[in-house]
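# how would this look folded up:
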Amino acid sequence: MRRYEQYKPSSLDWLADVPSHWQVVANRALFRERQEAGEDGLPVLSVSLHTGVSDDEQNEEENARTRTRMADRTSYKRVRPGDVAYNMMRAWQGAIGAVRTDGLVSPAYVVAAPTAALNPAYFEYLYRTDWLIGEMNRASKGITDFRKRLYWQEFKQLSAVVPPREEQDRIVAFLDQKTAEVDAAIAKKERLIGLLHEQMDIVINQLVRVGLNPAASLKDSGTPWLGPIPSHWRPSRLKFLFSGMEQGWSPQCFNFEAPEGTWGVLKVGCVNGAVFNERENKQLPPSERPIPGLQVRVGDILISRANSLELVGSAAFVNQCKGKLLLCDKLYRVHAHEDQVLSEYLVLMLRTKTARQWIENGANGASPSMQNIGQDVIKNLLVAVPPLDEQRQILAQVESAREKIGLLENRTRSEIGAMAEMRRILISDAVVGKIKI
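Residues are numbered from 1 along each chain as shown. Have a look, this model is predicted:
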């Protein structure tokens, strides 16, 4: 793309040159801190790491997950269209954005009202680049990441690269259009990944329901819920196929993954997608003593006890584990009777359409985002059990399909990564004048 005719040194450590007619200005010359008290009747807005400041209020379910609502809305801060707001505790991660509607924000946010000819959307694009996120990180006060705060006194010392207002508007219009095009292309790729997952579920459901031979003779399973099954298979409730069932412990943990050699507590998301992810854990504080009996080991089957309706009852087989990871209280652990059912095959049973219907019918909770299932829901699930040799053949067939679909998914994710990187570079180059818009 085109470049500007003339450039000059920026005087900034993180940037070499800028277009000669642009200015480098400290934030204190662009903004004043707005400290207006909130008032009833205005929506409570939030600042996302990915989408900036919301245009409307979070619903009750989202609000309950992210913060405690204060009944007195005068405790919030007032924001007005054209302001820039950021989360003091998460600015170093990019939680900053332009305000587009009248509303309120948390007292943990800083509100900056422009005092100069500034398009706040341009400023949002600029301050969500890697360079400025890095600057906000360095200016934040705190010993550790989760204690960092970017106060107004530090924020106003930071600098912005400021083109004339008409160029700001032109850059914003260009980036709005181009990022929307990239986001639409990424959304198509993500839908493709969703279709690949659906295809994998269809393969599993077909193989676990009727086996490798769709033309095999069938018999009545004895219950309408399970329907006809291959004549040489036998119906069984899960409680007869595994020994014992326990759930874990969820102490107050640090909000980051346990480093190598330290104890961690698994998060419920470690079983999402039917593949065990040992990195989904939080470090156990040194003040808490681990419970050795809850350590997860290779050979365990983990099942989510509490999650959203779509994910509750998700299961995974622990085929590898680094050690020093504890079972949390939102997970069940069982062990298969391997003389009757292979552990990996038992996990497949929990992914079938009939199993999902049973689990979702048995779930209960105050909101769709947090549903629970009791042990009896899992124990009384009726399944069809093929001979062990056939289980091994079905697992091999599933693995073959998973490899083929996995290749397509990995290729698609690589394309998404390339698009996201192109989007990032385009924004970064436009807001510091490396390309002429």
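# show me which residues of stretch 115-129 are buried.
Leu118, Asn119, Pro120, Ala121, Tyr122, Phe123, Glu124, Tyr125, Leu126, Tyr127, Arg128, Thr129 (16 or more other C-beta atoms under 10 Å). Quick note: C-beta positions are derived from backbone N, CA and C, even for glycine.
# you'd agree the fourth one is up against Ala98?
Yes - in this structure, Ala121 is within contact of Ala98 by C-beta atoms under 8 Å, at 4.9 Å.
# helices of the protein, start to end?
60-66, 120-127, 130-139, 152-155, 165-210, 343-349, 353-362, 375-379, 388-431 (DSSP state H).
# leaving out sequence neighbours, find the closest residue to Glu33.
The spatially closest residue to Glu33, leaving aside those adjacent along the chain, is Trp152, at 4.8 Å (C-beta to C-beta, 6 or more residues apart in numbering).
# tell me how far Thr223 lies from Pro387.
21 Å (C-beta to C-beta, to the nearest Å).
# higher neighbour count, the two?
Pro387 (12 against 9; other C-beta atoms under 10 Å).
# coming back round to it: give the contact list for the residue nearest to Glu33.
Glu33, Val110, Ala112 (C-beta atoms under 8 Å, 6 or more residues apart in numbering).
# return the member of these nearest to Val24.
Ala112 (17.6 Å; C-beta to C-beta).
# count of neighbours near the residue nearest to Ala113 when sequence neighbours are not counted?
Distances taken as C-beta to C-beta, 6+ apart place Arg34 nearest to Ala113, at 4.2 Å, with adjacent residues excluded. By other C-beta under 10 Å, 18 other residues sit near Arg34.
# now the phi/psi pair for Arg34, please.
Torsion angles at Arg34 (phi, psi; degrees, to the nearest 10) stand at phi -90, psi 130.
# so it sits against Val111, correct?
Yes - contact criterion C-beta under 8 Å: Arg34 and Val111 qualify, at 4.1 Å.
# okay, and the common contacts of those two?
Joint contacts of Arg34 and Val111 (C-beta under 8 Å, 6+ apart) are Lys77, Arg78, Val79, Asp83.
# and the last one, backbone torsions?
With angles defined as degrees, to the nearest 10, Asp83 shows backbone torsions of phi -70, psi 170.
# remind me which residues of the chain are low pLDDT?
58-72, 146 (pLDDT under 70).
# measure the residue nearest in space to the middle of it to Met1 for me?
When C-alpha atoms, centre = their mean is applied to the chain, the residue found nearest the centroid is Gly269 (9.8 Å). Distance of Gly269 to Met1, computed by C-beta to C-beta: 41 Å.
# quick one on the thing from earlier: and of the buried residues of stretch 115-129, the nearest to Gln340?
Arg128 (54.7 Å).
# ok, and the closest non-adjacent residue to that closest one?
Gly94 (5.1 Å).
# burial count for that neighbour?
22.
# tell me the spacing between Gly38 and Gly97.
Applying C-beta to C-beta to Gly38 and Gly97 gives a distance of 18 Å.
# who has more neighbours, the two?
Gly97 (28 against 21).
# bridging residues for that one?
Beta bridges link Gly97 to Ala85 when assigned by DSSP bridges.
# pretty sure Leu302 is touching Tyr332, no?
Yes - assessed by C-beta under 8 Å, Leu302 is found in contact with Tyr332 at 7.1 Å.
# endpoints of stretch 26-44, how far apart?
End-to-end distance for stretch 26-44: 29 Å, by C-alpha to C-alpha, to the nearest Å.
# gap between that stretch and the chain center?
30 Å (C-alpha atoms, centre = their mean, to the nearest Å).
# how deep is Ile303 tucked in, by neighbour count?
24.
# give the contact list for it.
So Ile303 contacts Val271, Gly313, Ser314, Ala315, Leu331, Tyr332, Arg333, Val334, Leu350, Ile378 (C-beta under 8 Å, 6+ apart).
# now do 7 Å
Val271, Gly313, Ala315, Leu331, Tyr332, Val334, Leu350, Ile378 (C-beta atoms under 7 Å, 6 or more residues apart in numbering).
# for Arg80, which non-adjacent residue is spatially closest?
Arg80's closest residue in space is Asp102 (C-beta to C-beta, 6+ apart), at 6.0 Å.
# pretty sure the one you found sits against Pro43.
No - counting by C-beta atoms under 7 Å, Asp102 stays clear of Pro43, with 8.1 Å between them.
# Gly103 and Arg392: what is the separation?
59 Å.
# who's more crowded, those two?
Set Gly103 next to Arg392 and count neighbours by other C-beta under 10 Å: Gly103 wins out with 25 against 14.
# re the thing from before, verify the stated contact: the residue nearest to the centre of the chain with Glu280.
Yes - using C-beta under 7 Å, Gly269 is in contact with Glu280, at 4.6 Å.
# thinking again about what came up before, out of the contacts of Ile303, which are inside strands?
In strands, judged by DSSP state E, the following of the contacts of Ile303 are found: Ala315, Leu331, Tyr332, Val334.
# need those residues in a markdown table with neighbour count, can you?
Rendered in a markdown table, the data for these read as follows (neighbours: other C-beta atoms under 10 Å):
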| residue | neighbour count |
| --- | --- |
| Ala315 | 23 |
| Leu331 | 29 |
| Tyr332 | 23 |
| Val334 | 22 |
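# tell me which of those is nearest to Glu257?
Leu331 (16.8 Å).
# ok, now which ones touch that closest one?
Gln247, Gly248, Leu266, Val268, Leu302, Ile303, Ser304, Arg305.
# against Ala306, how distant is the first one?
Taking C-beta to C-beta as the measure, Gln247 falls 10 Å from Ala306.
# got it, and Thr115?
49 Å.
# show me the contacts for Met349.
By C-beta under 7 Å, 6+ apart, the neighbours of Met349 are Val208, Ala355, Val383.
# narrow the residues you listed to those that are buried.
Val208, Ala355, Val383.
# what is the last one paired to in the beta sheet?
Note on Val383: beta-bridge partners Ser236, judged by DSSP bridges.
# check contacts around it.
Ser236, Leu238, Met349.
# just the first one next, same as before
Residues in contact with Val208 (C-beta under 7 Å, 6+ apart) are Leu348, Met349, Thr352, Ile394.
# that one and Gln391: what is the separation?
Counting by C-beta to C-beta, the gap from Val208 to Gln391 is 10 Å.
# likewise for Leu346?
9 Å.
# kindly report the same for Leu45.
53 Å.
# which one of those two has more residues nearby?
Between Leu45 and Gln391, counted using other C-beta under 10 Å, the more crowded position is Leu45 (24 against 21).
# okay then, goodbye and thanks.
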